[in-house]
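Novice: attaching a predicted model along with its sequence, questions to come.
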Amino acid sequence: MTKVLFAAAEAAPFYKTGGLGDVSLALPRALRAAKTTIRVVIPYYEALFPEKYRDQVKDLLHFTVQVGDKAQYCGIKTLELDGLTYYLIDNQEYFGREDLYGYWDDGERFAFFQMAICEMLERVDYIPDVLHLNDWHTAFIPVLLKEKYYWIKAYRHIKTVLTIHNMQFQGIYDPIILDSLFKIGWQTFNEEGIAFYGQVNFLKAGINFADAVNTVSPTYAQEIQTPQFGERLDGVLRANQGKLSGIMNGIDMKLYDPATDAALTATYTAKDLAPKALDKAALQTAVGLPEADVPVLGVVSRLTTQKGMDLLLDALDDFLKAQPAQVVILGTGDPALEHAFEIYQLAYPDQVAAQIKFDVKLAQQIYAGSDIFLMPSAFEPSGLSQMMAMRYGTLPLVHLVGGLKDTVVPYNEYTGAGTGFGFDDYTPTVLRKIMTMAVNLYAQDPAAWRQLQQQAMLPDFGWAKSAKKYQQVYQTIMS
Ligand code: ADP
């Protein structure tokens, strides 16, 4: 049986800042359900660790990791949750912080994390066949195995898979770290290896040295091989085409189920959608909008340009002037965008609610209580929110890129087919046009709308199919 260690910088239900955290919870569970032997390793961010799970954390062992000239304490804690074993890597100096990322020494923090993982394997006596790495925080491990830990015989059979959740974050540092953090030579510091415009690039290192690379949707796997989406690594990805694939993310179909979701005012099913109206009214009340019979367009998102929030801002003014519709925005992110949405709320108090915070319960209420879910992302590796929205019979309106293109079937007015709305040209005019088309359909053709809702609620976005594809990747690199 294949033995896997899944390594990531975040995992729900302990800590998540986005899709990576969701995947790090759900994919190991799905793989375990499909009979893969799998454990998970993440950092132990003590200040952020939920109270609820604290009692279950046990100290396993500790040792020192040499980070350049510093001998650093490395504690290995462990916890069992729903049948999965987690290893938590503890070092107060690196992980005892208020946030996960965004510090001046992130390079050193995740250099430590990656060396700690390598040095932990033989100590905890869990040497995997496959090390499953995620994003730049763990992408340098294949280089470490080759250049630093090559003398550990037991590690020689270890294969590596790198999953890229977002090309935008790469981990780029001065090459001095090869000596000052990793204590390895310069053999790999070249264009075919880890060098990137004179710097060290962790993600590039993973792409070149992992045995298999995948990203989180088939379309994004194609897109990142082009200059438009490749974030300056498109050439590297094209050169590694043979080991690159796209595997769609899933969602937890049990957790996100309008028939049982405890966060909702009223539960409902595809057959009986009537109670959804009560969730809409509850949402309007909760965010301070009038309980009017107008279409509600929801947003649950990081407020960034990646998510197309600037495009939405540009389209919103004309849209709100022309349409009796309401827009509910939940999110945090770029302060300028946060502020702009707050201004909209002041200008259109009966039409716009801007909730600038992270609130999982309100997110569920928006998925259930909205009629349309807006996701005009400039690029989208996978996207989870559009699948959640569809699950709740809320029609996604998306830019047809990446995972959005792979999961949303745009409405066809001639056949009635579709599970949402989509657009190609990335301009505010086109976005406004498609928003207008959607709200008109909502107002004028309730039967067509209901049919679209039912079609959207039908697909199985569960993880089982994707877990099988990951197992195939493991098989391929092991044989
Ligand atoms: P990304 O990982 O790029 O941010 P995804 O669509 O893949 O985008 O995943 C976002 C996840 O984070 C979804 O589960 C979404 O519901 C959640 N989320 C984003 N912003 C918020 C927020 N402000 N409050 C609650 N949940 C949020």
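Specialist: Great, that's in hand.

Novice: tell me what the residue of the stretch 151-300 of the chain found nearest the ligand is bridged to.
Specialist: Closest to the ligand within the stretch 151-300 of the chain is Val300: 4.7 Å, counting by C-beta to the nearest ligand atom. (Glycine included, C-beta is placed from N, CA and C.) Val300 has these beta-bridge partners by DSSP bridges: Leu330.

Novice: correct me, but it touches Tyr367?
Specialist: Yes - with contacts counted by C-beta atoms under 8 Å, Val300 reaches Tyr367, the gap being 7.0 Å.

Novice: who touches both of these two?
Specialist: Shared contacts of Val300 and Tyr367 (C-beta atoms under 8 Å, 6 or more residues apart in numbering): Phe373, Ser385.

Novice: tell me which element Leu374 falls in.
Specialist: For Leu374, the element it lies in under DSSP states H and E is strand 372-375.

Novice: what does the helix or strand following that strand rub up against?
Specialist: Following strand 372-375 in sequence order, the next helix or strand is helix 385-391 (DSSP H and E). The set of residues external to helix 385-391 that reach it, using C-beta under 8 Å, 6+ apart, is 250-251, 253, 256-258, 298, 300-301, 367, 370, 373, 375, 395-396, 398, 403-404, 407-408, 419-420, 456-457, 459, 461.

Novice: export only the CA atoms of the very next helix or strand once past helix 385-391, formatted as PDB.
Specialist: Sequence order places strand 395-399 as the next helix or strand after helix 385-391, per DSSP H and E. In PDB, the C-alpha atoms belonging to strand 395-399 read as follows (Å, rounded to 0.1, in the frame of the first residue of the first chain):
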ATOM      1  CA  LEU A 395     -26.100  30.500  -9.800                       C
ATOM      2  CA  PRO A 396     -22.400  31.500 -10.200                       C
ATOM      3  CA  LEU A 397     -21.500  34.300 -12.600                       C
ATOM      4  CA  VAL A 398     -17.900  33.800 -13.500                       C
ATOM      5  CA  HIS A 399     -15.000  34.700 -15.800                       C
END
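
Novice: packing partners for strand 395-399?
Specialist: Judged by 3 or more C-beta pairs under 8 Å, 6 or more residues apart in numbering; DSSP states H and E, strand 395-399 is in contact with strand 372-375, helix 385-391, strand 421-423, helix 428-444, helix 446-457.

Novice: pull up the residues of the stretch 1-150 of the chain that are close to the ligand.
Specialist: Taking C-beta under 6 Å from any ligand atom as the contact definition, the stretch 1-150 of the chain meets the ligand at Gly18, Gly19, Asp22.

Novice: so how far is the ligand from the closest residue to the second one other than its chain neighbours?
Specialist: Residue nearest to Gly19 in three dimensions, not counting chain neighbours: Leu384, with 5.5 Å by C-beta to C-beta, 6 or more residues apart in numbering. Distance, Leu384 to the ligand, by C-beta to the nearest ligand atom, to the nearest Å: 4 Å.

Novice: what pLDDT does Leu384 get?
Specialist: For Leu384, the model assigns a pLDDT of 95.

Novice: again, but for Gly96
Specialist: Looking at Gly96, its pLDDT stands at 96.

Novice: verify the stated contact: it with Pro43.
Specialist: No - checked against C-beta under 8 Å, the pair Gly96 and Pro43 is beyond contact range at 10.2 Å.

Novice: among these two, which residue is more densely surrounded?
Specialist: Under the criterion of other C-beta atoms under 10 Å, the comparison of Gly96 against Pro43 puts Pro43 first, with 26 against 13.

Novice: for burial, what's the neighbour tally of the closest residue to the more buried one other than its chain neighbours?
Specialist: Using C-beta to C-beta, 6+ apart and skipping the chain neighbours, the partner closest in space to Pro43 is Phe95 (4.6 Å). Other residues near Phe95 number 22, with proximity taken as other C-beta under 10 Å.

Novice: go on, Lys254?
Specialist: 8.

Novice: tell me the phi and psi of it?
Specialist: The phi and psi values for Lys254, taken as degrees, to the nearest 10, are phi -80, psi -40.

Novice: grab the nearest non-local neighbour of it.
Specialist: Lys254 sits nearest to Thr260 (C-beta to C-beta, 6+ apart), 7.8 Å away.

Novice: need the pLDDT of that neighbour.
Specialist: Turning to Thr260, the model gives it a pLDDT of 97.

Novice: any chance of the helices and strands packed on strand 395-399 in TSV with mean neighbour count and distance to Leu81 as columns?
Specialist: Putting those into TSV (neighbours: other C-beta atoms under 10 Å; distance: least, C-beta to C-beta, whole Å) gives the following:
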stretch	mean neighbour count	distance to Leu81
strand 372-375	26	30
helix 385-391	26	22
strand 421-423	20	38
helix 428-444	18	40
helix 446-457	17	30
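
Novice: now distance to Asp318 too, for these, in a markdown table please.
Specialist: Listed next are those as a markdown table, based on distance: least, C-beta to C-beta, whole Å:
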| stretch | distance to Asp318 |
| --- | --- |
| strand 372-375 | 15 |
| helix 385-391 | 24 |
| strand 421-423 | 16 |
| helix 428-444 | 6 |
| helix 446-457 | 23 |
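
Novice: could you point out which of the ones you listed sits nearest Ile89?
Specialist: Of all the helices and strands packed on strand 395-399, helix 385-391 sits nearest to Ile89, with 29.7 Å by C-beta to C-beta.

Novice: run the chain-centre distance for the closest one.
Specialist: 14 Å (C-alpha atoms, centre = their mean, to the nearest Å).

Novice: go on, stretch 121-134?
Specialist: Worked out by C-alpha atoms, centre = their mean, stretch 121-134 lies 23 Å from the chain centre.

Novice: okay then, goodbye and thanks.
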